[in-house]
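J.: A structural model of the following input is requested.
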Amino acid sequence: MSPQRVLIIDDEANMRHMLRTILGGEGYDITTADNGREGLERLGSARFDIVLCDLRMPEMDGLAFLDALGEAGRTMTIIMMSAYGTVDIAIEAVKRGAYDYIAKPFKADEIILTLRKAEERERLREENFRLRKEVGRSFGLERIVTKSGKMLAIFQTIRKIADYDASVLITGESGTGKEMIAKAIHYNSRRSRWPFMAVNCGAIPENLLESELFGYSKGAFTDACRHKKGLFEEAHGGTMLLDEIGELPLPLQVKLLRVLQEGEVRRIGEARQIRIDARILAATSRDLVQEVRKSAFREDLFYRLNVIRIDLPPLRERREDIELLVNHFITRFNKKHRLKVQGVSPAALGRLLEYDWPGNVRELENALERCVVLSEKGRIEKEALPPELRGAAGDHGAGEAGKEYSLKKMTRIMEEQLIRRALGKTRGNRTHAARLLEISHPALLSKMKGFGIQ
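T.: Numbers count the residues shown, from 1 in each chain. All right, here's what the predicted structure looks like:
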């Protein structure tokens, strides 16, 4: 690693010489300046990791130097020094952008320790920034595997709403990726530098859920042996996802409504309100309109949450994504399990394309991990598929057909199954599928539109 570059700004030649000797002996690359104005010139022509700046100097003193950097939009690690220091001056220097303050005279060990602390703080800040950037990339819209028109329209919506604080209600069947969409909203927004917190409202008992969300004070109840922040407080500045909001008990719905209306929370056992600034996202697999009609969900809360609504389509309504997802998961699980599965056979792919995937993308992901692990021939064959996928072709509509007696409706069911099978067989090639079905290409396109097949 290259040595840390330190700029020393001090009008006393003896102090500059002493610091050069001490810090140079510790491996730092040292440059000096006589006053704040000269220090600015040095910063304009070279990059420095740390600046040591005296407070009282002719021409431009330390506080004026800090102000000039702030006006120029420059941020860096600056340590102020002074023999005339008071607590008030130290506080003022930090307010204007200094990292730390050290009083003269100081020992060599003191200044070295101060610089080491500054280096560690900067390293942690850079590491935190890198990790946030990496997480942000993981949940960027470009990382979501799809070519579905419905999903691409949702991406356009996310780009439009990401930087606004309006509440968002994300609906969709289990396994469609509601939390992934919530993270995409957060990491594409101006709040991405702050926390993303998520809680499953149906997975935690009511008495524990309240303390998780709102926190509690010491002695509020048995076992409350310390103060604890709630998730709303932890999400301050960032985003809070309330997953499976339809499972939230009615008493907590009232408290959540207050959070949305007032932007305040109250810990269990405390009287004071705490201001919070967190964007609220909610997700559910339930039909909240029906829940409102049954008085199981508050109507006023529903309208508060339903400012912007994103409805995620089930996988069976975007079958054009199945092959993309299959290849994506094969690559991921090859890396995870150190395998070299090359792909999927046409027969196995046909089954994957025909199946209705009631568990959606999550079920497909689990099925593909099993397939990658069990494959023995370098690619996924039909025999490696889960039992429910190895049945006769067209089983995905068997339950529906078994209940039907209308010849007209039964004909439509079978027609849709045959079209899906043909498209699966030809990997989505509509011209070849039309030949297999012995119908014209325009007729196939018309029928696909009628059945909602992309």
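
J.: where do the strands sit along the stretch 201-350 of the chain?
T.: 215-216, 228-229, 239-243, 264-265, 274-275, 279-284, 308-311 (DSSP state E, counting those that start in this stretch).

J.: what sits up against stretch 12-31?
T.: 2-8, 10, 32, 42, 46, 48, 52, 54, 81, 104, 108, 111-112, 115 (C-beta atoms under 8 Å, 6 or more residues apart in numbering). C-beta coordinates here come from the backbone N, C-alpha and C atoms, glycine included.

J.: let's see it at 7 Å
T.: Surrounding stretch 12-31, the residues in contact under the criterion C-beta atoms under 7 Å, 6 or more residues apart in numbering are 3-8, 10, 32, 42, 52, 108, 111-112.

J.: same question, stretch 374-391
T.: 341-345, 347-348, 351-352, 355, 367, 370-371.

J.: picking that back up, out of the strands of the stretch 201-350 of the chain, name the one with the poorest average pLDDT.
T.: Ranked by mean pLDDT, the strands of the stretch 201-350 of the chain end with strand 228-229 at the bottom, a mean of 83.

J.: Spit out the contact partners of the closest residue in space to residue 219 that isn't next to it in sequence.
T.: Once flanking residues are discounted, residue 219 sits nearest to residue 269: 6.7 Å by C-beta to C-beta, 6 or more residues apart in numbering. Applying C-beta under 7 Å, 6+ apart to residue 269 gives the contacts 216-217, 219-220, 224.

J.: likewise residue 439?
T.: Contact analysis of residue 439 by C-beta under 7 Å, 6+ apart lists nothing.

J.: Could you report the pLDDT at the spatially most central residue of the chain?
T.: Nearest to the geometric centre of the chain sits residue 183, at 3.5 Å (C-alpha atoms, centre = their mean). If you check residue 183, the pLDDT there is 91.

J.: For the residue nearest to residue 49 when sequence neighbours are not counted, give its distance to residue 332.
T.: Leaving aside its sequence neighbours, residue 49 sits nearest to residue 4 (C-beta to C-beta, 6+ apart; 4.5 Å). In this view, residue 4 and residue 332 are 40 Å apart by C-beta to C-beta, to the nearest Å.

J.: And for residue 237?
T.: According to C-beta to C-beta, residue 237 and residue 332 sit 32 Å apart.

J.: mind listing the helices in the stretch 1-150 of the chain by residue range?
T.: Secondary structure of the stretch 1-150 of the chain (DSSP state H, counting those that start in this stretch): helices at 13-25, 36-45, 62-71, 87-95, 108-138, 149-161.

J.: Make TSV from those helices and add distance to residue 287 to it.
T.: Compiled in TSV, the helices of the stretch 1-150 of the chain are given as follows (distance: least, C-beta to C-beta, whole Å):
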stretch	distance to residue 287
helix 13-25	67
helix 36-45	60
helix 62-71	53
helix 87-95	53
helix 108-138	31
helix 149-161	19
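
J.: now these in CSV, with mean neighbour count, distance to residue 336 and mean pLDDT?
T.: Listed next are the helices of the stretch 1-150 of the chain as CSV, based on neighbours: other C-beta atoms under 10 Å; distance: least, C-beta to C-beta, whole Å; pLDDT from 0 to 100:
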stretch, mean neighbour count, distance to residue 336, mean pLDDT
helix 13-25, 15, 47, 92
helix 36-45, 17, 47, 89
helix 62-71, 18, 47, 86
helix 87-95, 14, 47, 79
helix 108-138, 13, 15, 74
helix 149-161, 14, 25, 92
